[in-house]
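> output the structure for:
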Amino acid sequence: MKAVDRLAPEHEHEFEAVPGLPEALPPGETVLWQGRPQALAMARQALRLDIIAVYFAGLMAWRLVLSLMDGDSAAQTAMALARLLPPIAVATGLLLGLGWLMARTTLYTLTNRRVVMRLGIVLGITFNLPLSRIEAARLKPRRDGGGDIALVLAGGDRIAYLHLWPHVRPWRMRQTEPMLRALPQAAEVAQRLSQAWQLARGESPTATTARLPTTAPASSGHSLPGYASPASLA
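Now for the predicted structure:
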């Protein structure tokens, strides 16, 4: 097994000794959690499905206004609106399908030593993010209990934005932040990550004291449980 004290991207995952991992775990390393993004949440967040839906709704409303201004009959108005439905349905279906593929081909793994991100629809790639190289983490919760967790890498560690997309904090181009996107139970995963991070440093975490440090200035956003100063996602 390759060392996990540094970032180690590995291409393709045609064969996996353990689901989500390119090789069997070395002695002393155990899987603490595995999960995938939620397909609908992935489409809404990464592919901006909500914004596109609003655009389509506005397009339908504008077509309705034009028909009324032109004095079209109810049947003509309905026909004009009906012509817009097939392309809207196709576009929405493509975005939903792409979101499902992104979620289906992604597997996040947390062990007692690292975070592993298996990504890629066509060309698979696996990123090993050792806990020792993670400087901070930021949680962005959603109302339904899901959310995203962005990881701040220590020192000069950097992964190309396009290699990570859409599993990356938006608009952080210079110092990219890998992100566990659209998690169904983000707070629980955040707690496990916080505890694993502290255990990896020889500390004894508890449910209330486990914490990751953050180098970002405090803001009105959210953080992992026990953070000294919270920071929000963009």
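> now for the helix or strand where residue 188 lies, which elements pack on it?
Per DSSP states H and E, residue 188 falls inside helix 186-199. Secondary-structure packing of helix 186-199 (3 or more CB pairs under 8 Å, 6 or more residues apart in numbering; DSSP states H and E): strand 31-35, strand 107-111, strand 134-141, strand 147-153, strand 179-183. No exception for glycine: its C-beta is placed from N, CA and C like everyone else's.
> can you lay out these as TSV showing mean neighbour count, distance to residue 166 and mean pLDDT?
Output for the helices and strands packed on helix 186-199, formatted as TSV (neighbours: other CB atoms under 10 Å; distance: least, CB to CB, whole Å; pLDDT from 0 to 100):
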stretch	mean neighbour count	distance to residue 166	mean pLDDT
strand 31-35	16	16	92
strand 107-111	22	13	94
strand 134-141	22	14	90
strand 147-153	23	10	92
strand 179-183	27	6	94
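> among those, which is nearest residue 162?
strand 179-183 (14.1 Å; CB to CB).
> by how many degrees do that closest one and strand 107-111 diverge?
110 degrees (axes from the mean of the first three to the mean of the last three CA atoms, to 10 degrees).
> contact partners of strand 179-183?
Identification of contacts with strand 179-183 by CB atoms under 8 Å, 6 or more residues apart in numbering yields 35, 37-38, 41-42, 45-46, 103, 108, 115, 117, 146-151, 164, 166-169, 186, 189, 233.
> given that strand, what are its sheet partners and their directions?
As defined by DSSP bridges, the strand partners of strand 179-183 come to strand 147-153 (antiparallel).
> distance from the partner strand to the middle of the chain?
Put simply, strand 147-153 sits 8 Å off its chain's centre (CA atoms, centre = their mean, to the nearest Å).
> what's the first helix or strand after that strand?
On the C-terminal side of strand 147-153, the nearest following helix or strand under DSSP H and E is helix 161-164.
> and residue 19, backbone torsions?
With angles defined as degrees, to the nearest 10, residue 19 sits at phi -50, psi 130.
> now for it, how many residues are close by?
When neighbours are defined as other CB atoms under 10 Å, residue 19 has 11 of them.
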